[in-house]
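Student: Would you be able to build a 3D model of this:
(one chain, ligands or ions: 1)
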Amino acid sequence: MTIRITGTGSALPEKIVTNFDLQELVETSDEWIQKRTGIAQRRVSTGETVSALAAEACKRALEMAGKTAAEVDLILVATCSPELLLPCCACQVQDLIGAADAVAFDLNAACSGFLFALNTANAYLQTGIYKNALIVGSEVLSKLVDWKDRGTCILFGDGAGAAFVEASEETCTYENGRRAGMECMVQGSDGAKGRVLSCAERALNSAFYAEDETISPYIQMDGQAVYKFATKQVPACIQQALDKAERTVEDVDWFILHQANVRIIESVAKHLKAEMAKFPMNIHKIGNMSSATIPVLLDECNRNGMIKRGDRIVLSGFGAGLTYGASVLVW
Ligand code: COA
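Tutor: Residues are numbered from 1 along each chain as shown. You can find the predicted model right below:
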């Protein structure tokens, strides 16, 4: 069985918010933000919804794959910022793109969401339950961010990315001897440390009980704790995935990492003793879009021709949960 990503797509809100714009809102500076995070600007929704961005990204991915929405078997949307609690975003996307025969549901693993969704789809496809899947990461984090909190509002952005994944019975071997498909995946969760990055839903308020404490509806983060977690856990799980696949860092062409902070990515590269040139980044222009960062970067690298068939890619995500994971695949 071969599993291949045959189409990618992305969609971003039009509005660009620069670090200079943020200087008007909180006590910060372009210099501080760029130095500590690598971010210069991000996209912010002025009405674009999680489902609309996701649907646009899906349409582009399907167009690249040469498929119609009617052919889609499974839609998995990874999001932690849907505009509706019910129905789920994936069902909204199903309706928006007209994928009437698909099964659709959401998955929330925060910034690891797209990776976990891809691995979930891979399991469905490997077992023959479905033949293809649209995997999406879509977020409008701007509504979860406290725009008075300089520790978090500088980091996040809005956007969506999608990938169309297809299974085929035949194996596909490239000229370089590599076989297309997923070689290995490692996933992990550490719920005991979940408090370092959280965002509350509505407080309990029913006919029988009401919470009297006012719960902040915004993202709460211990930045340093998240930083330590990421710089320790990400290289470890990438190494674990490579070991499991019996590959080395040198066998990998591209490391597509969750775009949270340039310094985290540089630290991961250093730990792995991998060249920085193998770590494409777009965080400077779009910030951290949680589950959307990996598919948006993947789409960018696919469309600009950087990623070629036969390349070996490591995808790695990490974030709230805490969750983390790495997958090794041949494009
Ligand atoms: N502008 C200017 N100063 C700021 C600031 C901002 N936006 N945010 C914090 N500071 C200040 C702090 O108040 C502190 O000042 P003090 O020394 O007078 O107390 C100083 O800068 C250092 O703060 P600190 O929190 O130690 O900075 P840092 O180097 O850890 O950088 C983050 C902060 C958030 C950029 C960094 O911790 C980080 O990226 N963590 C990971 C977060 C992440 O990726 N989350 C998503 C995971 S998916």
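
Student: tell me, what residue is most central in the protein?
Tutor: Closest residue to the average C-alpha location of the chain: residue 291 at 2.9 Å, with CA atoms, centre = their mean.

Student: Pull the contacting residues for that one.
Tutor: With contacts taken as CB atoms under 8 Å, 6 or more residues apart in numbering, residue 291 has the following neighbours: 78-80, 109-114, 117, 137-139, 317. Any C-beta I mention is one placed from the backbone N, CA and C, and that applies to glycine too.

Student: for these, which one is nearest residue 130?
Tutor: If you rank the contacts of residue 291 by distance to residue 130 using CB to CB, residue 117 comes first, at 13.1 Å.

Student: in a helix, that's where that closest one is, yeah?
Tutor: Yes. Assessed with DSSP: H, G, I helix; E, B strand; the rest coil, residue 117 lies in a helix.

Student: what about it, distance to residue 124?
Tutor: The span separating residue 117 from residue 124 equals 11 Å under the rule CB to CB, to the nearest Å.

Student: neighbour count winner among those two?
Tutor: Using other CB atoms under 10 Å as the criterion, residue 117 and residue 124 rank with residue 117 on top: 31 against 19.

Student: Model confidence at that one, what's the number?
Tutor: According to the per-residue confidence, residue 117 scores 98 in pLDDT.

Student: contacting residues around it?
Tutor: Applying CB under 8 Å, 6+ apart, we find residue 117 in contact with 76, 77, 78, 107, 109, 135, 136, 137, 291.

Student: one more time with 7 Å, if that's ok
Tutor: With contacts defined as CB atoms under 7 Å, 6 or more residues apart in numbering, the neighbours of residue 117 are 76, 78, 107, 135.

Student: What of residue 204?
Tutor: 210, 211.

Student: if we go to 10 Å?
Tutor: Neighbour list for residue 204: 210, 211, 215 [criterion: CB atoms under 10 Å, 6 or more residues apart in numbering].

Student: Spit out the contact partners of the residue nearest to residue 41 when sequence neighbours are not counted.
Tutor: The spatially closest residue to residue 41, leaving aside those adjacent along the chain, is residue 18, at 4.5 Å (CB to CB, 6 or more residues apart in numbering). The neighbours of residue 18, taking CB under 10 Å, 6+ apart as the test, are 30, 33, 39, 40, 41, 42.

Student: Tell me which of these fall in strands.
Tutor: Filtering the contacts of residue 18 for membership in strands, criterion DSSP state E, returns 41, 42.

Student: Now for the contacts of residue 18: which two are most distant?
Tutor: Pairwise distances across the contacts of residue 18 peak at 12.8 Å for 30 and 42 (criterion: CB to CB).

Student: is it true that residue 153 touches residue 27?
Tutor: No. Using CB atoms under 10 Å, residue 153 is not in contact with residue 27; the gap is 11.5 Å.

Student: Looking at those two, which has the bigger crowd around it?
Tutor: Each of residue 153 and residue 27 had its neighbours counted (other CB under 10 Å), and the higher figure belongs to residue 153 (21 against 8).

Student: separation between the residue of the stretch 1-150 of the chain found nearest the ligand and residue 158?
Tutor: Each residue of the stretch 1-150 of the chain has a distance to the ligand, by CB to the nearest ligand atom, and the smallest belongs to residue 28, at 3.3 Å. The gap separating residue 28 from residue 158 is 19 Å, by CB to CB.

Student: coming back round to it: out of residue 30 and residue 42, which sits in the more crowded spot?
Tutor: It is residue 42, of residue 30 and residue 42, that has more neighbours when counted by other CB under 10 Å, with 30 against 17.

Student: burial measure for residue 240, as a count.
Tutor: When neighbours are defined as other CB under 10 Å, residue 240 has 14 of them.

Student: ok so it is a helix residue?
Tutor: Yes. When three-state DSSP is applied, residue 240 is found to be in a helix.

Student: mind listing what it touches?
Tutor: Residues near residue 240 by CB under 10 Å, 6+ apart: 184, 186, 188, 326.

Student: What of residue 207?
Tutor: Applying CB under 10 Å, 6+ apart, no residues contact residue 207.

Student: On the three-state scheme, it is what?
Tutor: Counting by three-state DSSP, the backbone at residue 207 sits in coil.

Student: quick one: it from residue 85, how far?
Tutor: Applying CB to CB, the value for residue 207 to residue 85 is 19 Å.
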